[in-house]
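[1] show me the folded form of this:
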Amino acid sequence: MVQVTIERVGLDSATDQGVIILADLSKTTIIPIWVRALEASAIALPLQGVVPPRPLTHDLLLEVIKKLGAKVVMVLIRELKDEVFYASLVLDVNGEREEIDCRPSDAMALALRAEAPIYVADSVIMEAGIPAEDSQIQ
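    Below is the predicted model:
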């Protein structure tokens, strides 16, 4: 597993698609993950420091997790299969680790709000990673 950060969130209004650009901590490899515009927006808001006047879905879920005495430990982007990324949300529930299957976009939106680290499996980096200097993503 390699820890990554969310470097950028882009939006293509012509196709209504967003792209989340992850980068390893040394910024030598990037991983683009295409998502719908709504998911890109949910990730972009906390990156921009925007706090909505009312809780959005990911804010609500984080509040529920906290009220139940759990904590977001990390996000794992664990698999890439047929061009679909798979992720897990790892929670600490009363000292026990619970791993919950979820979409990477939901996991990243929660990780940002919870200030939890994001990790990508080595196999995913091998398949989807792009050397940063070779990237044409702007």
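
[2] could you look up the SS state of the spatially most central residue of the chain?
    The centre of the chain sits closest to Met108, judged by Cα atoms, centre = their mean, with a distance of 2.3 Å. Following DSSP: H, G, I helix; E, B strand; the rest coil, Met108 is assigned to helix.

[3] thinking it is in contact with Ile118, fair?
    Yes: shown here, Met108 and Ile118 form a contact pair, counting by Cβ atoms under 8 Å, at 6.3 Å. For the C-beta atoms, the positions are set from N, CA and C on the backbone; glycine is no exception.

[4] any shared contact partners between these two?
    Common contact partners of Met108 and Ile118 (Cβ atoms under 8 Å, 6 or more residues apart in numbering): 6, 75.

[5] please name the nearest non-neighbouring residue to the residue lying farthest from the centre of the chain.
    Ranking residues of the chain by C-alpha distance from their mean position (Cα atoms, centre = their mean) puts Asn94 at the top, at 24.3 Å. Distance criterion Cβ to Cβ, 6 or more residues apart in numbering; nearest residue to Asn94, sequence neighbours excluded, is Gly69 at 6.6 Å.

[6] what is the burial count for the one you found?
    Residues lying near Gly69 (other Cβ atoms under 10 Å) number 9.

[7] distance of it relative to Ser123?
    Going from Gly69 to Ser123 by Cβ to Cβ, to the nearest Å gives 33 Å.

[8] what do you get for Leu112?
    The gap separating Leu112 from Ser123 is 24 Å, by Cβ to Cβ.

[9] the more surrounded of the two?
    Leu112 (20 against 11).

[10] my guess is that one meets Ala44, correct?
    No: using Cβ under 8 Å, Leu112 is not in contact with Ala44, being 9.5 Å away.

[11] okay, now the unreliable bits of this structure?
    Within the chain, the stretches with pLDDT under 70 are 134-138.
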